[in-house]
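Participant: Quick one, structure for this:
(2 chains)
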Protein chains: 2
Amino acid sequence: MLLEHLPALAKTKIVLASASPRRHELLQLLGLKPEVIPSKFEENLSKDLFSKAAEYAVATAKGKALDVTQLLATQGKAVDLIIGADTIVEHDSEILEKPANADDAARMLGKLSGNKHLVHTGMVLVVPSSNPGVEGPLMSSASVTTAVQFDELSNDTISAYIASGHPFGKAGSYGIQGPAATFVKHIDGDFFNVMGFPLNAFANEVSDLIAAGHLKLMS
Amino acid sequence: MLLEHLPALAKTKIVLASASPRRHELLQLLGLKPEVIPSKFEENLSKDLFSKAAEYAVATAKGKALDVTQLLATQGKAVDLIIGADTIVEHDSEILEKPANADDAARMLGKLSGNKHLVHTGMVLVVPSSNPGVEGPLMSSASVTTAVQFDELSNDTISAYIASGHPFGKAGSYGIQGPAATFVKHIDGDFFNVMGFPLNAFANEVSDLIAAGHLKLMS
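Facilitator: Numbers count the residues shown, from 1 in each chain, chains lettered A, B, ... in the order given. Below you'll find the predicted structure:
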């Protein structure tokens, strides 16, 4: 597992290609100190291109990670690991992203009330310069899905939550790590995935990169 | 639901009869400002008295809440709501509490590695003075259970985790809100319950107390 490598990993140069404060917090929870460089990748891939919502999230995560990888190469800046991630909510085969406005948030929360939805995070790791034998950057990608069962939300609850401002900037119009924690009856899967970053999958992917000698740690 | 009542609830006098910093954080996540008064209730009920582990957790939570209720009554201090909670880990019908030392933590983490365990939290709410018609304090209690599937942990991982100091003071020798987040493949139930306090059940219980007129909020 990754835990025994965390002190050494904390000394490597890690870039988080995402503006999400939740993802930054989760990496800090592990003692890592990533530099945040949000990508300029426009998150507007056509959803029709993907038969599964999780694949759409992986493609967006890939776009973010590669955009920042290219930017760093242009700047001649050497880093050890670049992390891209994208989280979406899927309800009844519809992808719910960040709400455009209060009405949009009310529409989404009304759909989620009393129902189960899926949260998919696409995670992409890029090692810009791996083994001497390997040409170009090495990339691994994965997606993690968690099922979330919401309690019934009254109109008063939805209105109060929207008035609090919390829904904005969040996929599906809620953040599980705030007052909406009270909405969630049950989750089935990785909780941290719902916050925006699947820590167990990340730990396993990075462990594999270390074991294979692709990601080198300073001792 | 509770969310629309949170601003008024934040103005009531709430006492948390628990020294757990995680429980305090979770209540603060809802915007509440509880006063922390740890109980002096000795957590040494005989486990043989209870056929189910969850009942043992509820009995300990009740002991904590009533101890603090009595203390406040003795001091003549009026409060609106007293919260008691106790969290235990159950693996293979054995209750795992806080580890006594490093060997004990290693024993517990070895059992949890690669396996599923249950986390039970007993939660007890006391309204010291409820309706004029009701005699004495009003108490509600509930228990919430979450299943947690651990990844395989190597001996190196377990040793590094114990050396970090994180297992101590935590039921089952781990805290899901720290580096051990990477150990958890899957949970089935309320995540916050694993942190030590079931926020959805709390929201529903407090909503019921408000709706029944037992807990009065200042407008």
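Participant: interface residues of chain A facing chain B?
Facilitator: Contact residues of chain A with respect to chain B, defined by CB under 8 Å from any CB of the partner chain, are listed as A:1-4, A:6, A:26, A:29-31, A:151-154, A:156-157, A:159-161, A:176-192, A:199-200, A:202-204. C-betas here are computed from N, CA, C, even on glycine.
Participant: Which ChimeraX command selects the buried ones in those residues?
Facilitator: Here is the ChimeraX command that picks out the buried ones among these, judged by 16 or more other CB atoms under 10 Å in any protein chain shown:
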select /A:1,2,3,4,6,26,29,30,151,153,157,159,160,161,176,177,178,179,180,181,182,183,184,185,186,187,188,189,190,191,192,199,200,202,203,204
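Participant: Please flag which of the residues of chain A next to chain B sit within helices.
Facilitator: A:6, A:26, A:29, A:156-157, A:159-161, A:191-192, A:199-200, A:202-204 (DSSP state H).
Participant: Which members of those define the maximum pairwise distance?
Facilitator: Using CB to CB, the two most remote members of those are A:6 and A:156, lying 44.1 Å apart.
Participant: Surely residue A:122 is in contact with residue A:83?
Facilitator: No. Using CB atoms under 8 Å, residue A:122 and residue A:83 do not qualify as a contacting pair, with a distance of 11.4 Å.
Participant: got a list of what residue A:166 touches?
Facilitator: A:174, A:175, A:178, A:179, A:180 (CB atoms under 8 Å, 6 or more residues apart in numbering or on different chains).
Participant: roughly how far apart are it and residue A:102?
Facilitator: Here residue A:166 is placed at a distance of 12 Å from residue A:102 (CB to CB, to the nearest Å).
Participant: do the same with residue A:120
Facilitator: Look at residue A:120 and residue A:102: by CB to CB, they are 25 Å apart.
Participant: Among those two, which residue is more densely surrounded?
Facilitator: Comparing residue A:120 with residue A:102 by neighbour count (other CB atoms under 10 Å in any protein chain shown), the higher total belongs to residue A:120, at 24 against 15.
Participant: Could you find the closest non-adjacent residue to that one?
Facilitator: The shortest distance from residue A:120 to any residue other than its chain neighbours is 4.2 Å, reached at residue A:54 (CB to CB, 6 or more residues apart in numbering or on different chains).
Participant: Same question for that neighbour, what's its three-state structure.
Facilitator: Here residue A:54 takes the helix state, with states given by DSSP: H, G, I helix; E, B strand; the rest coil.
Participant: what about it, neighbour count?
Facilitator: Using other CB under 10 Å, residue A:54 is surrounded by 18 other residues.
Participant: got it, and residue A:91?
Facilitator: Other residues within reach of residue A:91 by the criterion other CB under 10 Å amount to 18.
Participant: Surely it is in contact with residue A:112?
Facilitator: Yes. Using CB under 8 Å, residue A:91 and residue A:112 qualify as a contacting pair, with a distance of 6.3 Å.
Participant: Residues that sit against both of those two, list them.
Facilitator: With contacts defined as CB under 8 Å, 6+ apart, the residues shared by residue A:91 and residue A:112 are residue A:172.
Participant: distance of residue A:94 from residue A:53?
Facilitator: Using CB to CB, one obtains 9 Å as the distance from residue A:94 to residue A:53.
Participant: ok, the two, which is more surrounded?
Facilitator: In this view residue A:94 and residue A:53 are compared by other CB under 10 Å, and residue A:53 has more residues nearby, 23 against 12.
Participant: how close does that one get to residue A:191?
Facilitator: When CB to CB is applied, the distance between residue A:53 and residue A:191 equals 19 Å.
Participant: Likewise for residue A:69?
Facilitator: Look at residue A:69 and residue A:191: by CB to CB, they are 29 Å apart.
Participant: got it, and residue A:78?
Facilitator: With the distance defined as CB to CB, residue A:78 ends up 34 Å from residue A:191.
Participant: Check residue A:179 too.
Facilitator: For residue A:179, the distance to residue A:191 (CB to CB) stands at 17 Å.
Participant: quick revisit: would you enumerate the residues in contact with the residue nearest to residue A:120?
Facilitator: Under the criterion of CB under 8 Å, 6+ apart, the contact partners of residue A:54 comprise A:120, A:122, A:143, A:145.
Participant: again, only this time at 10 Å
Facilitator: Residues in contact with residue A:54 (CB atoms under 10 Å, 6 or more residues apart in numbering or on different chains) are A:88, A:90, A:118, A:120, A:121, A:122, A:142, A:143, A:144, A:145.
Participant: where does chain A have low pLDDT?
Facilitator: Low-confidence segments of chain A (pLDDT under 70): A:130-135, A:219.
Participant: can you do 80?
Facilitator: Along chain A, the model assigns pLDDT under 80 to residues A:43, A:129-136, A:218-219.
Participant: Distance check, residue A:106 against residue A:95.
Facilitator: From residue A:106 over to residue A:95 (counting by CB to CB), the distance is 18 Å.
Participant: make that residue A:69, sorry
Facilitator: Computed with CB to CB, the distance linking residue A:69 and residue A:95 is 26 Å.
Participant: quick one: which of those two has more around it?
Facilitator: Counting neighbours by other CB under 10 Å for residue A:69 and for residue A:95 shows that residue A:69 has the greater number, 22 against 17.
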